[in-house]
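In: no letters, just coordinates:
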């Protein structure tokens with residue numbers, strides 16, 4: 001009787017373990033569709049530093065959950081591995097096993113273009129696996145006289161962690177396919193100021209400064225894009241299209257107000273606070289992750305008298321690249337940019353880059369990914 005009970009318990013735990021492995025692969029490698037992005041970061045602690053910047057200066061929820069999500073979702077791996085395989089009950093063995101498993105996932109993400117491969121993910125995953133192993137040792141000693149309490153505790157921990165992982169994945173709290181620290185060099189290189197990447201996974205550097213020029217209607221932009229912007233607007237008006245910059249540079253406080261207003265709007269429609277935040281962030285970037293805070297992005301609508309918004313959007317879509325501007329959030333790139341279609345939002349990247357992106361049909365993340373991939377390929381050939 002006791003043997004049958006032990007066998008049933010072992011079978012249950014093995015099933016749980018296998019299901020957990022498949023779950024990890026599902027939310028990391030097999031996300032349903034490839035993003036086409038091959039982001040890679042080999043600099044330890046750089047992405048973690050970005051998450052900390054998010055916590056301090058941007059979206060605290062995204063920053064906290066990206067750090068603790070990567071830890072908690074690997075906690076059951078260390079716990080169940082130690083529970084099922086006595087020979088693995090050493091910190092060094094758990095460390096090597098979790099590191100190998102996490103590294104395999106990161107490499108697979110790169111191969112299948114299902115996400116950014118990041119050494120910091122491995123660091124956080126290994127920490128999660130070790131915490132799981134240490135938790136097993138503590139709980140096993142605590143409930144030693146009651147064997148089944150161990151099995152109950154592992155079930156509870158597994159359910160909590162898997163539920164968190166599922167919520168984090170579907171709620172966009174874990175790292176989604178995109179580019180993160182891989183392009184840090186583009187941020188600090190003054191010659192590439194127009195290629196700085198700011199999105200949900202890349203916060204504005206804390207030392208970033210803007211030198212503004214005020215437009216006739218009171219909006220402001222980075223003085224470096226003013227000549228190109230004015231030329232684009234004048235060209236449109238010469239063709240009978242009358243665009244107006246309705247939003248240029250924004251402070252973090254102004255961005256926060258916009259986000260709060262959008263959340264309140266969804267709350268008034270009956271959404272829960274979590275759902276309201278999630279929906280609001282598909283429309284409004286959180287402070288610290290908005291291109292408007294760079295001063296090189298503008299929202300452009302029609303004057304409402306001589307042109308309609310659709311006429312302005314159509315003209316910009318076909319002509320903005322000639323002046324160095326791109327449609328930043330195209331309708332077919334939401335999974336990559338993290339923002340739904342915004343036909344009014346244009347970002348300056350320079351004429352050469354804008355022309356390349358227009359001809360290739362790329363968004364900024366894809367263009368930078370291609371640059372990074374080609375640079376790495378050239379370095380590899382050199383080796």
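Out: Arrived safely. Fair warning: this is a prediction, and the values are worked out from it, not measured in the lab. Numbers count the residues shown, from 1 in each chain.

In: quick check, central residue of this protein?
Out: The residue lying closest to the centre of the chain (Cα atoms, centre = their mean) is residue 201, at 3.7 Å.

In: roughly how far apart are that residue and residue 207?
Out: Between residue 201 and residue 207 the computed distance is 19 Å (Cβ to Cβ, to the nearest Å). Glycine gets a C-beta too; all of them are placed from N, C-alpha and C.

In: low pLDDT regions in this protein?
Out: Applying pLDDT under 70 to the chain picks out residues 1-6, 31-40, 50, 53-63, 113-116, 144-191, 372-383.

In: can you map out the strands along it?
Out: For the chain, the strands defined by DSSP state E cover 40-41, 117-118, 212-214, 220-222, 243-247, 297-302, 325-327, 345-348.

In: if we can go back for a sec, tell me the spacing between the residue nearest to the centre of the chain and residue 365.
Out: Taken as Cβ to Cβ, the span from residue 201 to residue 365 is 9 Å.

In: for residue 69, same thing?
Out: 21 Å.

In: same check on residue 318?
Out: 22 Å.

In: compare the two (neighbour count), which wins?
Out: residue 365 (25 against 10; other Cβ atoms under 10 Å).

In: isn't that one right up against residue 337?
Out: Yes - between residue 365 and residue 337 a contact is recorded at 6.3 Å, counting by Cβ atoms under 8 Å.

In: which residues do those two both contact?
Out: residue 199 (Cβ atoms under 8 Å, 6 or more residues apart in numbering).

In: longest helix of the protein?
Out: helix 2-28 (DSSP state H).

In: report the buried residues of it.
Out: Buried residues in helix 2-28, counted by 16 or more other Cβ atoms under 10 Å: 13, 16-17, 20, 23-24, 27-28.

In: that older thread, with distance to residue 359 and mean neighbour count added, can I get the strands of the chain in a markdown table?
Out: As requested, the strands of the chain are exported to a markdown table (distance: least, Cβ to Cβ, whole Å; neighbours: other Cβ atoms under 10 Å):
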| stretch | distance to residue 359 | mean neighbour count |
| --- | --- | --- |
| strand 40-41 | 25 | 20 |
| strand 117-118 | 28 | 24 |
| strand 212-214 | 30 | 15 |
| strand 220-222 | 26 | 20 |
| strand 243-247 | 23 | 19 |
| strand 297-302 | 21 | 22 |
| strand 325-327 | 12 | 25 |
| strand 345-348 | 17 | 25 |
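
In: between the ones you listed, which one is nearest to residue 234?
Out: strand 243-247 (10.2 Å; Cβ to Cβ).

In: who does the closest one touch, helix- and strand-wise?
Out: With contacts taken as 3 or more Cβ pairs under 8 Å, 6 or more residues apart in numbering; DSSP states H and E, strand 243-247 sits against helix 226-238, strand 297-302, helix 309-319.

In: same thing but 10 Å
Out: With contacts taken as 3 or more Cβ pairs under 10 Å, 6 or more residues apart in numbering; DSSP states H and E, strand 243-247 sits against helix 226-238, strand 297-302, helix 309-319, strand 345-348.

In: may I see the buried residues of the first one?
Out: Along helix 226-238, the positions that meet the burial threshold by neighbour count (16+ other Cβ under 10 Å) are 226, 228-230, 232-233, 235-236.
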